[in-house]
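**Q** Here you go, sequence then predicted model.
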Amino acid sequence: MIIPPLPTPFDRSGNLDVEAFHELAQIVEPHVDGLLFYGSNGEGVHLTREERAAGLAVQTPRKPAMVGLMEETLAQAAIALNEAANLGARVLVTPPRYYEANLGHEGLLRYFGGIADMGQAEVWLYHVPANTKAQMPLPVVAELAQHPNIGGLKDSSGELARMAFYRAQNLGIKLYTGHAPTFLGALALGAHGGILAVSNLAPKPYRMLLELWQAGKVAEAQALQAEVEPFGRVLAQGGFVLLKQALRHLGLPGGYPRPPYPSESPVWPSFQPLLEEFREKGWTVG
């Protein structure tokens, strides 16, 4: 499966644009296998509780939905979990980060296990150290994977050694990568698909790559991975600011980042030619 972490559109003044949010989801959804709201590229941490609820209230996904849960305590997580449950969505959960040093393994087990015990939605673990600066130790992941309400894991670290560990441990949960530059390597190590920022812009070549790998066409998959690698790598450098700029360039309602983040990325001159090349190939949305 190929799933995009959908950006959350704000207008130029930094106000949540719920109409654009709904429109963007409607445009992207037919090209992918599901939607993730409020993931790392969805700026969920920039929203008030009221805005989070308002943004989800306008969504009508026809395909499987996920909601990012990036809270610090179980009490906060319970509220966000209820929002996701109202949408019929899974939750993608990052570890608490502000006081991470005080948690330890047992604290992480209490946090993720506590959310899973609430039983309102299927829980997926989310390892994204570039953003959270928090680690999910491999033994903790292995133990949490035994919980009956933890059904998946997204690893955006790009560390293929972690993917090798997951496969060796036979965790019994769905494994997804969030790192486009190593997508094929993750598939080779047991990933079921990708929850990829690039799939907001150009899901087609990544679906092709997944299908080539599944069909055993390894050489063709390797060639396609080499072709798309710069696109994923440069987009990762620019993050959500570059992603929104690229969506606007394609005429899609991606909106703007919320202040103080800039509306344009310094990486754009490097990314624009790659985006235009993908558009010429018919690989982009819109």
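**A** Received it, and whenever you're ready, just let me know what you need.
**Q** how about low-confidence regions in the protein?
**A** Counting by pLDDT under 70, the chain contains no low-confidence segment.
**Q** Strands of that one, start to end?
**A** Secondary structure of the chain by DSSP state E: the strands cover 2-3, 5-6, 35-37, 65-69, 90-93, 123-127, 150-155, 174-177, 193-195.
**Q** Out of those strands, which gets nearest to A57?
**A** Taking C-beta to C-beta, strand 35-37 is the member of these nearest to A57, at 11.3 Å. C-betas here are computed from N, CA, C, even on glycine.
**Q** So what are the sheet partners of that closest one and their directions?
**A** strand 5-6 (parallel), strand 65-69 (parallel) (DSSP bridges).
**Q** Please identify the deepest-packed of these.
**A** Of the strands paired with strand 35-37, the one with the most neighbours on average (mean count of other C-beta atoms under 10 Å) is strand 5-6, at a mean of 28.
**Q** re the thing from before, redo the strands of the chain as JSON lines? Include distance to A164.
**A** Shown next, in JSON lines, are the strands of the chain (distance: least, C-beta to C-beta, whole Å):
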{"stretch": "strand 2-3", "distance to A164": "22"}
{"stretch": "strand 5-6", "distance to A164": "24"}
{"stretch": "strand 35-37", "distance to A164": "25"}
{"stretch": "strand 65-69", "distance to A164": "25"}
{"stretch": "strand 90-93", "distance to A164": "22"}
{"stretch": "strand 123-127", "distance to A164": "14"}
{"stretch": "strand 150-155", "distance to A164": "11"}
{"stretch": "strand 174-177", "distance to A164": "11"}
{"stretch": "strand 193-195", "distance to A164": "17"}
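**Q** Let me know which of those strands is the nearest to G44.
**A** For the strands of the chain, the distance to G44 is smallest for strand 65-69, at 4.8 Å, taking C-beta to C-beta.
**Q** Next, the angle strand 150-155 makes with that closest one.
**A** 70 degrees (axes from the mean of the first three to the mean of the last three C-alpha atoms, to 10 degrees).
**Q** ok, and what's touching strand 65-69?
**A** Residues from elsewhere that reach strand 65-69 (C-beta atoms under 8 Å, 6 or more residues apart in numbering): 3, 5, 34-40, 42, 44, 56, 59, 77, 80-81, 83-84, 87-94, 115, 121, 124, 126, 195.
**Q** if we go to 6 Å?
**A** Contacts of strand 65-69 from elsewhere in the structure, counted by C-beta atoms under 6 Å, 6 or more residues apart in numbering, are 35-39, 44, 77, 80, 84, 87, 89-93.
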